[in-house]
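Participant: coordinates for the following, if possible.
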Amino acid sequence: MRKLKSGFTLIELLVVIAIIGLLSSVVLASLNTARTKAKDVKRLSDMVQARKALALYYDKNGRYPTSDYDGCGGWDVGNQNYNFMGNMSSEFLADTPEDSKGTSNCDGYRYYRYSAGSYGCDASRGAYYVLGVTDMETSGRPHSQSPGWRCLNRNWQGEMDWVVGEFEN
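Facilitator: Model (predicted):
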């Protein structure tokens, strides 16, 4: 009487394991891409909220808030080390935006209020602010949705991935 062999051979098992490994690496790569895109969408959403808060602050006070000088050339920085726009009360900005990727002192979100005429901007338009993100993950500089901001003697778009500004007058 002959014995019947049942089960898989070693080669068949190795092929199945290799296929499962290959499929899982493709899925993990796709998940990582989706995560980075989601982080950038959150960054853009945070900038929309910050702009709205700045507009509300301006409507109430007639000027934009000063920077709180986090040690990055006077910029107010928002990352894991610094509280972004900390000098604005919760009346204007309920949740403080924080860039989860930014870990060094000058990465992440940035805000600065310049005096009228700085960097060759039209002094008759008054002081102005510059608001931006230094480290988008899914695009190079500039980000495709960046409005950009420049004056005669400085282009902030070259310094940040996403940037916008607004005059007080």
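Participant: put the alpha carbons of stretch 57-66 into PDB.
Facilitator: What follows is stretch 57-66, C-alpha atoms only, in PDB (Å, rounded to 0.1, in the frame of the first residue of the first chain):
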ATOM      1  CA  TYR A  57      -7.700  89.800  15.400                       C
ATOM      2  CA  TYR A  58      -7.200  92.600  12.800                       C
ATOM      3  CA  ASP A  59     -11.000  93.400  12.800                       C
ATOM      4  CA  LYS A  60     -11.000  93.800  16.600                       C
ATOM      5  CA  ASN A  61      -7.600  95.500  17.100                       C
ATOM      6  CA  GLY A  62      -6.900  97.400  13.800                       C
ATOM      7  CA  ARG A  63      -3.600  95.700  13.400                       C
ATOM      8  CA  TYR A  64      -2.000  92.300  13.200                       C
ATOM      9  CA  PRO A  65      -0.400  90.800  16.300                       C
ATOM     10  CA  THR A  66       3.300  91.100  16.800                       C
END
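Participant: and that stretch, what's its mean pLDDT?
Facilitator: Per-residue pLDDT over stretch 57-66 has a mean of 93.
Participant: out of everything not next to it in sequence, what's closest to the residue positioned nearest the centre of the chain?
Facilitator: What sits nearest the mean C-alpha location of the chain, by CA atoms, centre = their mean, is residue 43, with 3.8 Å. Nearest residue to residue 43, sequence neighbours excluded (CB to CB, 6 or more residues apart in numbering): residue 133, at 5.2 Å. Every residue, glycine included, has its C-beta placed from N, CA and C.
Participant: what is the least confident helix or strand in the chain?
Facilitator: strand 76-78 (a mean of 83; mean pLDDT, DSSP states H and E).
Participant: so which elements touch it?
Facilitator: strand 109-114 (3 or more CB pairs under 8 Å, 6 or more residues apart in numbering; DSSP states H and E).
Participant: tell me what angle the helix or strand just after the strand it packs on forms with strand 109-114.
Facilitator: Following strand 109-114 in sequence order, the next helix or strand is strand 128-133 (DSSP states H and E). Interaxial angle of strand 128-133 relative to strand 109-114 (axes from the mean of the first three to the mean of the last three CA atoms, to 10 degrees): 170 degrees.
Participant: list the contacts for the residue nearest to residue 43?
Facilitator: 43, 44, 47, 99, 108, 109, 110, 143, 160, 161, 162, 163 (CB atoms under 8 Å, 6 or more residues apart in numbering).
Participant: state the distance from it to residue 151.
Facilitator: Taking CB to CB, to the nearest Å as the measure, residue 133 and residue 151 are separated by 19 Å.
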